[in-house]
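# Next input, structure requested:
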Amino acid sequence: MAHFQAKSVSAQVAAHLKDEVAQGEWSGTMPGEERLMRRLGVGAATVREALKLLEKEGVLAGQGAGRRRKIVLPENHAPPALRVGLLHFDPPARSLNYMIELHHRLEDAGQTSLDPDKTLIELGMDVSRVARYVKKIEADAWIVCSASREVLEWFAAQEMPAFALFGRMAGVPLAGAKPDKVSTHAAVARCLLDHGHRRISFLCRHQHRLPEPGRAMRAFLGELEADGIVTAAFNTPDWEEKPEGFERLIESLFGGPTPPTALVLDEPILYYAAHHYLARRGLQVPAEVSLTCTDSDPDFAWCKPSVAHIQWDSRPLLHRIMRWVNNVNLGKDDRRQSLTKAEFVEGGTIGPAAK
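The predicted structure follows:
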């Protein structure tokens, strides 16, 4: 008869943690003792002994006093598929070509892409609502699209890895990538100034303006100020971010005695909404109002006159995301942020300022 030996509580905890490591529950480093105590409902001595057992087995490696233990995976270990959640900016973003391609790339790499039913706009870009919603989704990592600084700071404070695709990521300890639009925003401003425009309104979402303008917006406003224009709310107006709010905003701009001679729209959807409004008012583009979009849209290729816009290549962004996903899957701490090249295309929707 084989000798039976009951496992101690610490040995049971060690076996449980070893299984979680093998299943990909933890990667990179093992959480600290206090978090494991709360998670497992055992005392500090039990957790400490279990971690020592795992060090003896070679599952963990100490990294010095006050530092978390490194998880050591065997050479033949195949990491499980990651469940990657995509938190879109708004519902139309789901149908963007590069987002569809991202889904395909994740699936082709053996990962599981999750597409939750709520978007940042539907959650009001509200940190508390985003937090409650994200915690309901069983995702191992998140790709967060065009988020405000406050939302990205919340993700940066969580244990789960997150990647900022666009958004106010500068200075936030998160991996991320986006087009570098600082120089192109300045080029848009200079182009409009060279055409004699002095009354220029830049219409964009609040996360680009608040709590202070982002780098690209500051570059745009800096060009106006360098030309002697005292910038104010007229140049970056506030508005209720829904169709009715945009309609009220543009009505107020063109209902006064000094309407804009040029509009800069931050998204294709805002560009089309503004263009339709001007058509209803009988205002011609660019004879009476110049229009520029600071993003690109495949539909612009069908527009006459050609649309002035900022274009960029999505392929480097997708490549960076997939490298990050691979690093996360291997337990690497990847928080590098990268910028890709953007270019201002002066289209036929910009003309001399109307007298």
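# all contacts plus neighbour counts: C-alpha atoms, from now on.
OK.
# where does this structure dip in pLDDT?
Applying pLDDT under 70 to the chain flags the ranges 1-6, 23-25, 27, 74-80.
# Show me the helices in it, by range?
Ranges of helices within the chain are 9-22, 33-40, 44-57, 97-108, 127-136, 149-156, 182-194, 215-226, 243-254, 268-280, 315-329, based on DSSP state H.
# okay, the angle between the first one and helix 44-57?
Per axes from the mean of the first three to the mean of the last three C-alpha atoms, to 10 degrees, the angle that helix 9-22 makes with helix 44-57 is 60 degrees.
# Please identify which of the helices of the chain is closest to residue 307.
helix 268-280 (9.6 Å; C-alpha to C-alpha).
# quick revisit: let me have the helices of the chain in CSV, extended by mean neighbour count and distance to residue 114.
Output for the helices of the chain, formatted as CSV (neighbours: other C-alpha atoms under 10 Å; distance: least, C-alpha to C-alpha, whole Å):
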stretch, mean neighbour count, distance to residue 114
helix 9-22, 18, 22
helix 33-40, 13, 26
helix 44-57, 17, 33
helix 97-108, 15, 9
helix 127-136, 14, 12
helix 149-156, 20, 17
helix 182-194, 20, 32
helix 215-226, 18, 31
helix 243-254, 14, 28
helix 268-280, 16, 25
helix 315-329, 18, 14
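# So for residue 87, which of those sits nearest?
Closest to residue 87 of the helices of the chain, according to C-alpha to C-alpha: helix 127-136, at 8.8 Å.
# Make a markdown table out of the helices of the chain and add distance to residue 121.
Shown next, in a markdown table, are the helices of the chain (distance: least, C-alpha to C-alpha, whole Å):
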| stretch | distance to residue 121 |
| --- | --- |
| helix 9-22 | 35 |
| helix 33-40 | 33 |
| helix 44-57 | 42 |
| helix 97-108 | 17 |
| helix 127-136 | 10 |
| helix 149-156 | 12 |
| helix 182-194 | 24 |
| helix 215-226 | 21 |
| helix 243-254 | 13 |
| helix 268-280 | 14 |
| helix 315-329 | 22 |
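# which one of those lies closest to residue 345?
Once the helices of the chain are compared by C-alpha to C-alpha, helix 182-194 is nearest, at 9.0 Å.
# What helices and strands are in contact with that closest one?
For helix 182-194, the packing partners by 3 or more C-alpha pairs under 8 Å, 6 or more residues apart in numbering; DSSP states H and E come out as helix 215-226, strand 342-345.
# Outside of the shortest one itself, list whatever touches it.
Residues lying outside strand 342-345 but in contact with it, judged by C-alpha atoms under 8 Å, 6 or more residues apart in numbering, are 179-181, 184, 187-188, 308-313.
# Strand partners (parallel or antiparallel) of it?
Partners of strand 342-345 in the sheet, by DSSP bridges, are strand 308-312 (antiparallel).
# now the partner strand, how far from the centre of its chain.
Between the centre of strand 308-312 and the centre of its chain there are 19 Å (C-alpha atoms, centre = their mean, to the nearest Å).
# for stretch 144-159, same thing?
Counting by C-alpha atoms, centre = their mean, stretch 144-159 is centred 8 Å from the centre of its parent chain.
# Residues in contact with that stretch: which ones?
With C-alpha under 8 Å, 6+ apart, stretch 144-159 has contacts from 86-89, 120, 125-127, 130-131, 161-169, 172-174, 207-208.
# likewise stretch 178-193?
Contacts for stretch 178-193 (C-alpha under 8 Å, 6+ apart): 165-167, 215-217, 219-224, 227, 262, 292, 294, 310, 312, 317, 338-344, 350.
# Neighbours of the closest residue to residue 115 other than its chain neighbours, how many?
In this structure, residue 115 finds its nearest non-sequential neighbour in residue 86, 5.5 Å apart by C-alpha to C-alpha, 6 or more residues apart in numbering. Number of residues near residue 86 (other C-alpha atoms under 10 Å) recorded here: 24.
# Need the helices and strands packed on helix 182-194 in JSON lines (columns: distance to residue 278).
What follows is the helices and strands packed on helix 182-194, written out as JSON lines (distance: least, C-alpha to C-alpha, whole Å):
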{"stretch": "helix 215-226", "distance to residue 278": "24"}
{"stretch": "strand 342-345", "distance to residue 278": "22"}
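# wait, which of the ones you listed is closest to residue 303?
Evaluated over the helices and strands packed on helix 182-194, closeness to residue 303 peaks at strand 342-345, with 13.9 Å, by C-alpha to C-alpha.
# now the closest one, how far from the centre of its chain.
On C-alpha atoms, centre = their mean, the centre of strand 342-345 falls 21 Å from the chain's centre.
# Just the endpoints, please. Distance across stretch 343-355?
Stretch 343-355 has its terminal residues 29 Å apart, counting by C-alpha to C-alpha, to the nearest Å.
# Among the contacts of stretch 144-159, which lie within strands?
Counting by DSSP state E, the contacts of stretch 144-159 place 86-87, 162-165 in strands.
# Tell me the one among those nearest to residue 7.
Ranked by distance to residue 7 (C-alpha to C-alpha), the ones in strands among the contacts of stretch 144-159 are led by residue 162 at 37.9 Å.
# Mind listing the residues bridging to the closest one?
Assessed by DSSP bridges, residue 162 has beta-bridge partners residue 142.
# what about it, distance to residue 29?
For residue 162 relative to residue 29 (C-alpha to C-alpha), the value is 16 Å.
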